[in-house]
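*Asks:* Here's my sequence, what's the structure:
(2 chains)
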Amino acid sequence: MNIYSQITANKRKTWLIIILFVIFITTILFVYGKASGYGLEYAGIGLIFSGIMAFSSYYYSDKMILGMSNAKQIQEKDNPELFRTVENLCIGAGIPMPKVYIIEDSAINAFSTGRDLKHSVVCVTTGCLDRLNKVELEGVVAHELSHIRNYDIRLMAIVVILVGLVALLADFFMRSLWYGGAKRERSDRDNAQGIFLLIGIIFALLSPLIATLIQLSVSRKREFLADASGALLTRYPEGLASALEKIEIDTEPLEVANNATAHLYIANPFKGKIMGSWFSHLFDTHPPIEERIKILRSM
Amino acid sequence: MGLTLIIIVVLVVLVVWSTYNSLATGKVRVKEALSGIDVQLKRRIDLVPNLVETVKGYAKHEKEVFENVTKARASLMNADSTHEKAVSDNMLSGALKSLIAVSEAYPDLKASSNFMELQEELSDIEAKIAYARQFFNTNVSSYNTTLVNFPGSVIGNMFGFKEEEFFEATEEDKKPVKVAF
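*Replies:* Numbering: from 1, shown residues only, chains lettered A, B, ... in the order given. From the prediction side, this is the model:
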């Protein structure tokens, strides 16, 4: 697989997953509708709630994570090497320069966020600056800038809204059964309604889990895409591969990360989750590091 | 029958419209990327006199090197087409490398903080030029690909779109400039 086919494949997979997700939600609505008589009304209310909740976290995504992570903004004179690395890669990528932040932590990690190209942030740890060489740092920064350029933050925000919607729909449906608010269909349709009721309950129980798995799957594809886009930007995939190797053997967890922010980092900041069955890997926000290194080295 | 015809016509119009726009946008992006390169080239042109004067201060007699740099700089300032710019850019890069290499023979120059600062700045500008060139070439490649594929080739022909050239110097151009004394 070369760089270009990696990029095309991951973009295509993202859209496939999103379309399947939309079909999934439509099916749920259909079933809930048949079972309780309310379908689209739930969807409307659900979308509004979910949208409001997710929107503010998306809009202020840069300020929120910076606040939580104790990051400090730098200008060119504070760290010319890092600043120029970001600046030059932005020239190569054709994007405006994001704000640059540093986190004081010896773990090697980085993240980027921001609702659009003009309001973006890229952040690296002092661990990165101390322990990575020039080409490795470039690989990491290129990966983060690729997230910004590929509008991954916006994409994940949309996915989060959909996941929230699924959870709310399940909630509404179960409540409507509890409070007995279902519209009574004509009696000759009672059997059909009964079956839909059963399917509806199953969906209500499982759909939030399935939606979360879909979200994580999208997250992993976009990580692969950022790896490939970053490699195309630096024209040197070995840089990022080598940096990921250093991250892999480093057992130190990143202290400021928590569950809400973990998915934004270049590598899972909670160490020790590498072993596990296929099933447990479905819950990873990031693809396994060995696989990422392998793909980068085959470009 | 009438309805099918209308639908076909509408589809064709939509395809022509969107392809034309792709090509036109592609061309604008190429132009924008070229001016991006110009910005960085200008920064280097502006840096050169300072650098030359600093080196002259310690190594007055290295005439050939100074002449090469001045010639290359002038040629870049006068370059018009993308090809000319690429050739001159190569020439100036090469001449500047020789200029910096001169410092190896003059330890005072090498140690001067002024010189070291200018060297760092030059190195950063060269990196910026390299990335600007890469971005330009990416945009050219993208535009040319649309023009070469279907239906871009058909519509491109209809509206007179031509392939853009990459920012590159050929093997012939890479030969060093001879300076006669």
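
*Asks:* got the residues of chain A near chain B?
*Replies:* A:84, A:87, A:88, A:89, A:91, A:92, A:93, A:94, A:235 (CB under 8 Å from any CB of the partner chain). To be clear about C-beta, it is placed using only N, CA and C from the backbone, and glycine gets the same treatment.

*Asks:* With neighbour count and secondary structure added, can I get these in TSV?
*Replies:* Converted to TSV, these look like this (neighbours: other CB atoms under 10 Å in any protein chain shown; DSSP: H, G, I helix; E, B strand; the rest coil):
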residue	neighbour count	secondary structure
A:84	16	helix
A:87	17	helix
A:88	22	helix
A:89	23	helix
A:91	23	helix
A:92	22	helix
A:93	21	helix
A:94	20	coil
A:235	12	coil
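
*Asks:* State the phi and psi torsions of the spatially closest residue to residue A:122 that is not a sequence neighbour.
*Replies:* Closest residue to residue A:122 apart from its sequence neighbours, by CB to CB, 6 or more residues apart in numbering or on different chains: residue A:112 at 4.5 Å. Backbone torsions of residue A:112, given as degrees, to the nearest 10, read phi -140, psi 150.

*Asks:* mind listing what residue A:112 touches?
*Replies:* Neighbouring residues of residue A:112 by CB atoms under 8 Å, 6 or more residues apart in numbering or on different chains: A:98, A:120, A:121, A:122, A:123, A:144, A:145, A:147, A:148, A:153, A:264.

*Asks:* Kindly state the pLDDT recorded for the residue of chain B found nearest chain A?
*Replies:* Nearest residue of chain B to chain A, counting by CB to the nearest CB: residue B:131, 3.6 Å away. According to the predicted model, the pLDDT of residue B:131 comes to 93.

*Asks:* and chain B, which of its residues are near chain A?
*Replies:* So far as CB under 8 Å from any CB goes, chain B lies against chain A at B:33, B:36, B:40, B:124, B:127, B:128, B:131, B:132, B:134, B:135, B:138, B:139.

*Asks:* What segments of chain A are helices?
*Replies:* A:3-36, A:40-59, A:61-69, A:80-93, A:126-131, A:134-149, A:152-178, A:190-234, A:237-249, A:278-281, A:289-297 (DSSP state H).

*Asks:* Apologies, that question was intended for chain B.
*Replies:* Going by DSSP H, chain B shows helices at B:2-58, B:63-78, B:82-102, B:107-111, B:113-148, B:152-158.

*Asks:* possible to save those as JSON lines with distance to residue A:22 and mean neighbour count?
*Replies:* As requested, the helices of chain B are exported to JSON lines (distance: least, CB to CB, whole Å; neighbours: other CB atoms under 10 Å in any protein chain shown):
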{"stretch": "helix B:2-58", "distance to residue A:22": "24", "mean neighbour count": "15"}
{"stretch": "helix B:63-78", "distance to residue A:22": "54", "mean neighbour count": "17"}
{"stretch": "helix B:82-102", "distance to residue A:22": "45", "mean neighbour count": "19"}
{"stretch": "helix B:107-111", "distance to residue A:22": "64", "mean neighbour count": "13"}
{"stretch": "helix B:113-148", "distance to residue A:22": "29", "mean neighbour count": "18"}
{"stretch": "helix B:152-158", "distance to residue A:22": "31", "mean neighbour count": "16"}
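
*Asks:* State the pLDDT value of the residue nearest to residue A:120 when sequence neighbours are not counted.
*Replies:* Spatial nearest neighbour of residue A:120, excluding adjacent residues (CB to CB, 6+ apart): residue A:114 at 3.2 Å. pLDDT recorded at residue A:114 is 82.

*Asks:* Just to check, residue A:114 is in contact with residue A:96?
*Replies:* No - at 10.8 Å, residue A:114 and residue A:96 do not qualify as touching, with contact defined as CB atoms under 8 Å.

*Asks:* More neighbours: the two, which one.
*Replies:* Applying other CB atoms under 10 Å in any protein chain shown to residue A:114 and residue A:96 shows that residue A:114 carries more neighbours, namely 21 against 12.

*Asks:* Where does chain A get nearest to chain B, which residue?
*Replies:* For chain A, CB to the nearest CB, closest residue to chain B: residue A:92, 3.6 Å.

*Asks:* pLDDT score assigned to that residue?
*Replies:* Value listed for residue A:92 in the pLDDT field: 92.

*Asks:* how much distance is there from the lowest-mean-pLDDT helix or strand in chain B to the middle of the chain?
*Replies:* The helix or strand of chain B with the poorest confidence is helix B:107-111; it has a mean of 82 (mean pLDDT, DSSP states H and E). In this view, helix B:107-111 has its centroid 32 Å away from the chain centroid, taken as CA atoms, centre = their mean, to the nearest Å.

*Asks:* List the contacts of that helix.
*Replies:* Outside helix B:107-111, the residues that reach it (CB under 8 Å, 6+ apart) are B:54, B:55, B:57, B:58, B:59, B:102, B:103, B:104, B:115.

*Asks:* for stretch B:35-54, same thing?
*Replies:* By CB under 8 Å, 6+ apart, stretch B:35-54 touches A:91, A:94, B:66, B:69-70, B:73, B:76-77, B:85, B:89, B:92, B:96, B:99, B:109, B:112, B:114-115, B:118, B:121-122, B:125-126, B:128-129, B:132-133, B:135-136, B:167.

*Asks:* And stretch A:159-167, by the same measure?
*Replies:* Taking CB under 8 Å, 6+ apart as the rule, stretch A:159-167 contacts A:18, A:21-22, A:24-25, A:28, A:43, A:46-47, A:49-51, A:53-55, A:57-58, A:207-208, A:210-212, A:214-215, A:218.

*Asks:* Could you pull out the buried residues of stretch A:202-221?
*Replies:* A:203-204, A:207-208, A:211, A:214-221 (16 or more other CB atoms under 10 Å in any protein chain shown).

*Asks:* export those to a markdown table and tack on pLDDT?
*Replies:* Formatted as a markdown table, those follow (pLDDT from 0 to 100):
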| residue | pLDDT |
| --- | --- |
| A:203 | 86 |
| A:204 | 86 |
| A:207 | 88 |
| A:208 | 88 |
| A:211 | 88 |
| A:214 | 88 |
| A:215 | 88 |
| A:216 | 89 |
| A:217 | 88 |
| A:218 | 88 |
| A:219 | 89 |
| A:220 | 89 |
| A:221 | 89 |
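
*Asks:* Tell me which two in those are the farthest apart.
*Replies:* Spatial extent of the buried residues of stretch A:202-221 (CB to CB) is set by the pair A:204 and A:221 at 27.4 Å.

*Asks:* who's in contact with the residue nearest to residue A:143 when sequence neighbours are not counted?
*Replies:* Closest residue to residue A:143 apart from its sequence neighbours, by CB to CB, 6+ apart: residue A:230 at 3.9 Å. By CB under 8 Å, 6+ apart, the residues touching residue A:230 are A:139, A:142, A:143, A:144, A:145, A:146, A:240.

*Asks:* Let's see that with 6 Å instead.
*Replies:* Shown in contact with residue A:230 (CB atoms under 6 Å, 6 or more residues apart in numbering or on different chains): A:142, A:143, A:146, A:240.
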